[in-house]
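Novice: Give me coordinates for this.
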Amino acid sequence: MSAGPAPAEGAADAHWLRRTVELSRLCPPSDTAFSVGCAVVAADGTVLAEGHSRRDDPRDHAEEAALRGVDPGDPRLAGATLYSSLEPCSSRSSRPLPCSSLILATPVPRVVFAWREPSVFVDCVGAERLRAAGRAVVERPDLAAGVREVNAHLLG
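Specialist: Numbering: from 1, shown residues only. Predicted coordinates:
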């Protein structure tokens, strides 16, 4: 996998969130789901996995697709950061577990996202669920414009 800056508040987080927006542009179009990108980045800046919505299956969420690409026993997960262009979901109808639950099933200690999920489809409380479980959660609304642009067709 590729590498970039080690995850950290500021420029490194911005770098990785911009990458998730690039990944979200790869999503097949949908009128019923957001286009989202995700990257799981080790503490040294190595990309452990990337994913985007609908990558392998029309019901895939980005975090789900990315986490599927990481060995759950990989010790680097304990120091990794999961970057998602959109707040990880807290409920969904297409699969048994929402993305916030999938993240909580890993040792990933830190989650960074650009745009809090608007209540177009569900009332999302993914950030709150992750924080309540002791994960560090960073929201970067200053980088949300690109995510909104990719999903503008849903915001009518």
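Novice: Please measure how far the first residue of stretch 138-156 sits from its last one.
Specialist: Distance between the two ends of stretch 138-156: 27 Å, counting by CA to CA, to the nearest Å.
Novice: Is Val138 within a helix or a strand, and which one?
Specialist: According to DSSP states H and E, Val138 maps onto strand 136-139.
Novice: And that strand, what's buried?
Specialist: If you call a residue buried by 16 or more other CB atoms under 10 Å, then strand 136-139 has these buried ones: Val137, Val138. The way it works is simple: take the backbone N, C-alpha and C, and place the C-beta from them, glycine included.
Novice: How about the contacts made by Asp31?
Specialist: For Asp31, the residues meeting the contact criterion (CB atoms under 8 Å, 6 or more residues apart in numbering) are His153, Leu154.
Novice: name the element Ala49 belongs to?
Specialist: Assigned by DSSP H and E, Ala49 belongs to strand 47-52.
Novice: which residues of this structure fall in strands?
Specialist: Counting by DSSP state E, the chain forms strands over residues 37-41, 47-52, 81-86, 110-115, 136-139, given from the N-terminal end onward.
Novice: Can you tell me how far Ser85 is from Asp44?
Specialist: Going from Ser85 to Asp44 by CB to CB, to the nearest Å gives 23 Å.
Novice: Comparing these two, which residue is more hemmed in?
Specialist: Just comparing Ser85 and Asp44: by other CB atoms under 10 Å the higher neighbour count belongs to Ser85, 32 against 12.
Novice: For the closest residue to that one other than its chain neighbours, give me the pLDDT.
Specialist: Residue nearest to Ser85 in three dimensions, not counting chain neighbours: Thr20, with 4.1 Å by CB to CB, 6 or more residues apart in numbering. In the predicted model, Thr20 carries a pLDDT score of 97.
Novice: Next, count neighbours for Thr20.
Specialist: Thr20 has 28 neighbours, counted by other CB under 10 Å.
Novice: same question, Arg129
Specialist: Arg129 is surrounded by 20 other residues when neighbours are defined as other CB under 10 Å.
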